[in-house]
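Engineer: for reference, the sequence and a predicted model appear below.
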Amino acid sequence: MTAAAAPARGRRLRRLAGPAAAVAAAAAVVGYVGAVDPNQPGHYPTCPFLFLTGLYCPGCGALRTLHALAHLDVAGALSLNVLVVAALPLLAAMWGAWVIRAWTGRPMRWLAPASWLWAGVGLVLTFWVLRNLPAFSFLAP
């Protein structure tokens, strides 16, 4: 390795610290939720929205979904919160883009047009409403 290559390699590794910390935090969360079963009462607080209104929020069932995925129960995870399961590949792709940009030294930027972000908000709001309607009870956790 040349003398000029060592500082460049060090800068590249420092740029990867953010993505590495994010994946380490995600692994720690999944490990903890996988070990401490959210299906058992008393381990986690109740969803405040569910407690106050009796209605499911878009995140209701997310802990149990992560627990099911940590135990490789994809069907169980889909039955609890399909939106969380559908969002995971998108999050993985966003993380991958972050790694590539950090590795190459390109500046971070929004990866999606504003219209895509608004469509995502619309999807979450639609899911929120539908999972509380009797006709769509299969979306409830």
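Structural biologist: Arrived safely, thanks for sending. Numbers count the residues shown, from 1 in each chain.
Engineer: where does the chain have low pLDDT?
Structural biologist: 1-9, 111 (pLDDT under 70).
Engineer: for it, which segments count as helices?
Structural biologist: Counting by DSSP state H, the chain has helices at residues 5-15, 17-35, 48-53, 62-70, 74-80, 82-104, 114-130.
Engineer: winner for burial among these?
Structural biologist: Using mean count of other Cβ atoms under 10 Å, the stretch among the helices of the chain with the largest mean neighbour count is helix 62-70, at a mean of 22. Heads up, the C-betas are built off the backbone N, CA and C, glycines and all.
Engineer: that helix packs against which elements?
Structural biologist: helix 17-35, helix 74-80, helix 82-104 (3 or more Cβ pairs under 8 Å, 6 or more residues apart in numbering; DSSP states H and E).
Engineer: residue 139: which of the helices of the chain is closest?
Structural biologist: helix 114-130 (5.8 Å; Cβ to Cβ).
Engineer: now distance to residue 117 too, for the helices and strands packed on helix 62-70, in CSV please.
Structural biologist: Listed next are those as CSV, based on distance: least, Cβ to Cβ, whole Å:
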stretch, distance to residue 117
helix 17-35, 20
helix 74-80, 25
helix 82-104, 12
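Engineer: for residue 103, give me its contacts.
Structural biologist: Shown in contact with residue 103 (Cβ atoms under 8 Å, 6 or more residues apart in numbering): 12, 15, 16.
Engineer: contacts only, for the residue positioned nearest the centre of the chain.
Structural biologist: What sits nearest the mean C-alpha location of the chain, by Cα atoms, centre = their mean, is residue 88, with 5.4 Å. Remark: with contacts taken as Cβ under 8 Å, 6+ apart, residue 88 is in contact with residue 69.
Engineer: can you tell me how far it sits from residue 81?
Structural biologist: Going from residue 88 to residue 81 by Cβ to Cβ, to the nearest Å gives 11 Å.
Engineer: got it, and residue 121?
Structural biologist: Residue 121 is 17 Å from residue 81, by Cβ to Cβ.
Engineer: returning to that earlier point: relative to residue 36, which of the contacts of residue 103 is nearest.
Structural biologist: residue 16 (29.9 Å).
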